[in-house]
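Asker: the sequence and its predicted three-dimensional model are supplied below.
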Amino acid sequence: MKNRENNKKSREARLIWEKIGQSIDTPCPLCGQHSKMYIFKYDALACINCNEWLEKACTDPTCSFCAGRPETPYEVYWREKESPSDATAIKRWRRDNYAHKENGRLRHEKKDKLRNFVNQGTSCNEV
């Protein structure tokens, strides 16, 4: 059972890395491992094994690639892992995060009370 769980986790991680960028088959100049990756969003090379960017970020504050680039490539991975992947997951995430707030919970309770009152079938004439 443990092998199946480990296999699933490694497959999920591999899919996230494939979504983030493309693996390059040349060795890293820092560690010598074949773990270089081109990360699409930041238009930069990184070594996953070293957890280092292989290209320095430019100093232009208006650059769309370098302005929001995190310090390490693993931060890109964790941001991608934590973000919802499809429309249904995004909707579920928004709903769950809205409902846990105090104000949101009160709004939901108020809507539920109103919905229950309307579903009871009472009208203004009967009251």
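Answerer: Everything's here; your move. Numbering: from 1, shown residues only.
Asker: for the closest residue to Ala46 other than its chain neighbours, what are its contacts?
Answerer: Leaving aside its sequence neighbours, Ala46 sits nearest to Pro73 (CB to CB, 6 or more residues apart in numbering; 3.9 Å). To be clear about C-beta, it is placed using only N, CA and C from the backbone, and glycine gets the same treatment. The neighbours of Pro73, taking CB atoms under 8 Å, 6 or more residues apart in numbering as the test, are Met37, Ile39, Ala46, Cys47, Ile48, Asn51, Glu52, Trp53.
Asker: domain assignment for this structure?
Answerer: If you go by automatic domain parsing, the domain ranges for the chain are 2-82, 87-119.
Asker: tell me which of the ones you listed sits most buried.
Answerer: Of the domains of the chain, the one with the most neighbours on average (mean count of other CB atoms under 10 Å) is domain 2-82, at a mean of 14.
Asker: picking that back up, switch the contacts of Pro73 over to a markdown table; also include secondary structure and pLDDT.
Answerer: As requested, the contacts of Pro73 are exported to a markdown table (DSSP: H, G, I helix; E, B strand; the rest coil; pLDDT from 0 to 100):
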| residue | secondary structure | pLDDT |
| --- | --- | --- |
| Met37 | strand | 90 |
| Ile39 | strand | 90 |
| Ala46 | strand | 91 |
| Cys47 | strand | 90 |
| Ile48 | coil | 87 |
| Asn51 | coil | 88 |
| Glu52 | strand | 89 |
| Trp53 | strand | 90 |
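Asker: quick one on the thing from earlier: rank the domains of the chain by mean pLDDT and give me the bottom one.
Answerer: Lowest mean pLDDT within the domains of the chain: domain 87-119, at a mean of 73.
Asker: good, we can wrap up now.
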